[in-house]
Each structure stands twice: as structure tokens, then as C-alpha cells.
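J.: Give me a 3D structure for the following:
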Amino acid sequence: MAIETIYVIDDDPLVRDFMHETLKRRGHCAVVFSNGREALERVKSEPPDLVFSDLIMPEVDGIELLRRLRMTQPQCLVVIMTAYGTVESAVEAVKAGAHDYLLKPFTPEQVDVALIKAEEQQRLKTENTFLRSELDDRDGRAVVTGTDRNMRRVYESVSRVARSKATVLIHGETGTGKEVIARMIHQCSPRALRAMVKVNCAALSGNLLESELFGHEKGAFTGATERKLGRFELADGGTLLLDEISEIPVGLQAKLLRVLETEEFERVGGTKTLHVDVRVISTTNRNLHDEIRKGNFRDDLFFRLNVVPVHLPPLRERAGDLPALVEAFLDEFSRETGERKRVEAAAMQLLRQRHWPGNVRELRNLVHRLVVMEPSQVITAERVRAEFSMRPALDCVDTDSLPVGTSIHDMERGLILKTLEHTAGNKEEAARMLQVSSRTLRNKLARYDEMQLARG
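T.: Numbering: from 1, shown residues only. Below you'll find the predicted structure:
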């Protein structure tokens, strides 16, 4: 993670000149100040990433500067510069929140070490923020359970591709576990110790998605009150997962293609070209060849993303794995409740016969409900049958009553609207019944509205 804006604050002109020249030779352009008051005034318009500050200065000393920066710029790292005679004060400054200190006189090599430590600290802080936000996103973890022949091919592909930096396109129906496979690739790769950052391309409009991917500078647009790092920067050295890649606007696809080919980009509203080392994995539940024919997806971008294709079969095509998946989910959720449940043979047979339009995610949600709501230790066929009768599913739609030529979009829209009618407009309940996330349901409704407007 690059340190961009650096302040040097010292009332000694020799120190300022030394630091400015040293940082310049390392590719950094430092902003220098003779006192803390001037620096704090500049912070309002150009917040720094890193500050080298003298400890003893007139007007605003290093400790007071540190205290104010921690209040207004908590992400900024401060390195205190001090003479040997005041080393105790430097230690106190570190206890008060300074990132590091340098003892005068110091060498250019010591400045290099301080820079490297600051960049590593910045990277770790950013990664930790994203890792905490991703911890609960665990749907479909048991997708890796089972011995189905098609899934064995997937695991073999994961094993081979993980060692390389090749882009991977994972395609399969909703709920098959595409993100889980993406995480497996990352965890088996040399990048496993760095961040895996995810962005859902369907959840954001074009402008917001561009900012999310590439970041933006302060003032780039209304509401951009400070610089924001994009997901490509956050994933530097690691892996970037582009979920639902088919939904990325055509106008943004050219910029994405450029990053994939050159590993360079600019933030929105910025002029500085940034370089990143990122491994890209994409997922989609759409047929991208169809999207290319419709003009919705660039063929050159498809070829760049599809270096290694991985197809995840739907659950109905790996029915032999279903008992193992059920047992894995029973283990997971029984630990939550503290009591072990089991599924009787007749109930397991019913589960194997189901079409599972929501795939592994639907199965996982069903087992979760059964473990939580079933009072007895045995999950019976009657209980499973009752659960099925309460939940609408795409395989229960009466296709004979549908006129020939009905589009998939119209059929899906009809099912969603019917479910919303059943729930009196409660979108959370409708999403739960349809075995999709609330966000997916909102995205689909918004897409149908746009299609209706386009039709006039």
C-alpha cells in the first residue's frame, strides 16, 4: 500500500532539507513545514498519510501536533524525530500514539526503514478492516464437501490454478458456492497471507462502482469529502473478487480491461497513475457469450477474464453429494444449538428428490431452519415435506400454464411479485422465502423497473 502524502515538520532548515532530499530520492514528494501550526492548517485541505515531526518546536510541539492529528486524522501515521537527549520523551510520544521515532542524527537508510514500517502498518490496518467485515460472509462453506465427479474436477482446477496469477472466471447458478471456490483459490495461493477483497458489481450504480473499484480523490464529485482508496489498491499483493461481473456497466469495462492488462489506473478525479499487483477472480451466473451478443459485455474483457474457466455444477447434478452436505450443515448448526440432530432416511430421500433451484445455499438455509426449529432430535420426512409446502420454489411453477414465449425475466418477475403479495410487501420475508439475499431481491426489482421504463 503506497504512502502518498508526506509531511516533514521541523524548525531546523538543515533537517527539512535533508528529509526532503532523502524522500525525493525514494520517489516521494514531501511537503515541508517549519512549525506545527502551519502543518495543521494545511491538513484541512490536504490530509497526510505520514508525518515526520520534530518533538521540540515553538508554538505547536510534536506531542500537541500528535494529539490534534489523532483527533482529526486517525488514519495518519506519525514518526517523531528527536535528539538523543530527549529519547524518553520520544518513547512517551509512542505511548501516546506515535507510530515510530527516529533519533537524530539519522541516516537515509533509517528513513527507508521508517517508510517501510509505515507502509506495512497502513496495509495491515486496511486489511484488518476488510477482514472484519468479511468474517460473517460464510454461506455455502460445505460446498467443498462430497465426492461428485464434477466437483472433483473443480477441486483439481483449483489446485492447479492457485499457484499461478492467472485470472479465473467462475460460472454457475446462484447458490452453487462460487465465492467459496474463489476463497479456496486465494487460500491455496502464494497470496494467502495478503487480503482477499470482494466487490459486488450488481450492488452499485456505474459511478459508485467506479469509485469503489478505483477509489477517488477529495472533491472528485459531490460528497467526496476525502480521498478514498479503491478495492484494487486494497487488494494490492492479494486477490480481488469481482462478484457478478456480468453486471458491470459497459462504459466501465474499458477501464477494468486496462487495469487487467497493465496493472495501472487512476483514481476518479486523480491524475497520478497507480500500479498494483492484484490477482483477479470473477464470478457470474449469466451466460457471458449471450451478453456479448447483446452488446452488454466486451468480448476482449471476457477473454481477459476467462483465462481459466471454472464451472460449478448445480446441486441437482451432484445429488450424490447431498447426504454429505446435509451432515456437514448439521454439524455446523448443531454446534450453535448445543444438541445434535439427525435426518431419518425417508427425509433424506425427500431432500435428494428436490430440484433445489437455490442450490447449496438453499439447502444450507433449510438445514439451518430445521436444526433451530425442530424440537425433537430426529428430522422426519413429514417435517421436511411440511417445510417444502411452505416455501415457493421455481421447480413448483406450473409450466403448462405459461404461454410459449414467456421470458425468464417475466417468469422470475411474476414469481417475485406473487411472493411479495403473499408477504404483504415485506421484502425481507419475501427474500427469505425465495432463498435469496435481500440485496439480490432489491437489485432484481430495480432491474425490472428499468426494463419497464425502457419498454415505455
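J.: quick one: what helix or strand has the spatially most central residue of the chain in it?
T.: Nearest to the mean C-alpha position of the chain, by CA atoms, centre = their mean, lies residue 198 at 2.0 Å. Assessed by DSSP states H and E, residue 198 sits inside strand 196-200.
J.: Can you show me the CA trace of that strand as PDB?
T.: Provided in PDB are the C-alpha atoms of strand 196-200 (Å, rounded to 0.1, in the frame of the first residue of the first chain):
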ATOM      1  CA  MET A 196      -8.800 -11.000  -0.500                       C
ATOM      2  CA  VAL A 197     -11.100  -8.100  -1.200                       C
ATOM      3  CA  LYS A 198     -14.600  -8.500  -2.700                       C
ATOM      4  CA  VAL A 199     -16.900  -6.200  -4.600                       C
ATOM      5  CA  ASN A 200     -20.400  -7.000  -5.800                       C
END
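J.: partners of it, with directions?
T.: Note on strand 196-200: by DSSP bridges, its sheet partners are strand 239-243 (parallel).
J.: Which strands and helices lie in contact with the helix or strand just after the partner strand?
T.: Downstream of strand 239-243, the first helix or strand assigned by DSSP H and E is helix 250-262. The helices and strands touching helix 250-262, judged by 3 or more CB pairs under 8 Å, 6 or more residues apart in numbering; DSSP states H and E, are helix 206-214, strand 264-265, helix 299-305. C-beta coordinates here come from the backbone N, C-alpha and C atoms, glycine included.
J.: Walk me through the domains of the protein.
T.: Following automatic domain parsing, one gets these domains for the chain: 6-119, 141-311, 315-391, 402-455.
J.: Let me see the ranges of the strands in this protein.
T.: Counting by DSSP state E, the chain has strands at residues 6-9, 30-33, 50-54, 77-83, 100-104, 168-171, 196-200, 239-243, 264-265, 274-275, 279-284, 308-311, 342-343, 378-379.
J.: How about residue 306, nearest residue that isn't a chain neighbour?
T.: Spatial nearest neighbour of residue 306, excluding adjacent residues (CB to CB, 6 or more residues apart in numbering): residue 169 at 4.5 Å.
J.: what's around that neighbour, how many residues?
T.: 22 (other CB atoms under 10 Å).
J.: And residue 376, by the same measure?
T.: By other CB under 10 Å, 8 other residues sit near residue 376.
J.: Which pLDDT does the model give it?
T.: You'll see residue 376 listed with a pLDDT of 90.
J.: Check residue 409 too.
T.: pLDDT, read off for residue 409, is 71.
J.: rewinding a little: quick one: closest of the strands of the chain to residue 233.
T.: strand 274-275 (6.7 Å; CB to CB).
J.: partners of the closest one in the sheet?
T.: strand 264-265 (antiparallel).
J.: outside of the strand it pairs with, which residues touch it?
T.: 214, 232, 255, 258, 259, 273, 274, 275, 276 (CB atoms under 8 Å, 6 or more residues apart in numbering).
J.: Stretch 174-189 now?
T.: Residues contacting stretch 174-189 (CB under 8 Å, 6+ apart): 137, 139-141, 143-144, 154, 158-159, 161-163, 168, 170-172, 192, 196, 198, 238-239, 241, 243, 279, 281, 283, 285, 310, 312-315, 358-362, 435-436, 440.
J.: again, but for stretch 191-206
T.: 126-127, 130-131, 134, 137, 179, 182-183, 186, 209, 212-213, 231, 234-235, 237-249, 251-252, 279, 439-440, 443.
J.: And for stretch 107-119?
T.: Counting by CB under 8 Å, 6+ apart, 1-3, 19, 22-23, 25-26, 28, 50, 52, 77, 79, 99-100, 102 sit against stretch 107-119.
J.: could you give me the average pLDDT of it?
T.: pLDDT averaged over stretch 107-119 gives 91.
J.: Show me which positions of that stretch end up buried.
T.: For stretch 107-119, a neighbour-count test (16 or more other CB atoms under 10 Å) marks 111, 114, 115, 118, 119 as buried.
J.: Can you give me the pLDDT of residue 271?
T.: 89.
J.: And it, how far from residue 206?
T.: Computed with CB to CB, to the nearest Å, the distance linking residue 271 and residue 206 is 21 Å.
J.: Please identify which of these two sits among more neighbours.
T.: For residue 271 versus residue 206, neighbours defined as other CB under 10 Å are more numerous around residue 206 (12 against 7).
J.: List the residues that contact residue 51.
T.: 6, 7, 8, 9, 39, 65, 69, 76, 77, 78, 79.
J.: The closest residue to residue 23 other than its chain neighbours: neighbouring residues, count only.
T.: Nearest residue to residue 23 in three dimensions, chain neighbours excluded: residue 30, at 4.5 Å (CB to CB, 6+ apart). Using other CB under 10 Å, the number of residues around residue 30 comes to 21.
J.: Then residue 39?
T.: Neighbour count of residue 39, defined by other CB under 10 Å: 23.
J.: That one against residue 8, yeah?
T.: No: the pair residue 39 and residue 8 fails to qualify as a contact (CB atoms under 8 Å) at a distance of 9.1 Å.
J.: Now for those two: what residues contact both?
T.: Shared contacts of residue 39 and residue 8, defined by CB under 8 Å, 6+ apart, are found at 33, 51.
J.: sorry, back to before: check the contacts of strand 264-265 and tell me the two furthest apart.
T.: Across these, no pair lies farther apart than 255 and 275, at 15.1 Å, counting by CB to CB.
J.: List the contacts of the residue nearest to residue 207 when sequence neighbours are not counted.
T.: Nearest non-adjacent residue to residue 207, counting by CB to CB, 6+ apart: residue 221, 7.4 Å away. Listed by CB under 8 Å, 6+ apart, the contact set of residue 221 reads 207, 211, 268, 269.
J.: Same question for residue 13.
T.: Taking CB under 8 Å, 6+ apart as the test, what residue 13 contacts is residue 34.
J.: Now do the same for it: its pLDDT.
T.: Predicted confidence (pLDDT) for residue 13: 93.
J.: Okay, it and residue 19: tell me how far apart.
T.: Taking CB to CB, one finds residue 13 at 11 Å from residue 19.
J.: Number of residues surrounding residue 40?
T.: Residues within reach of residue 40, counting by other CB under 10 Å, total 20.
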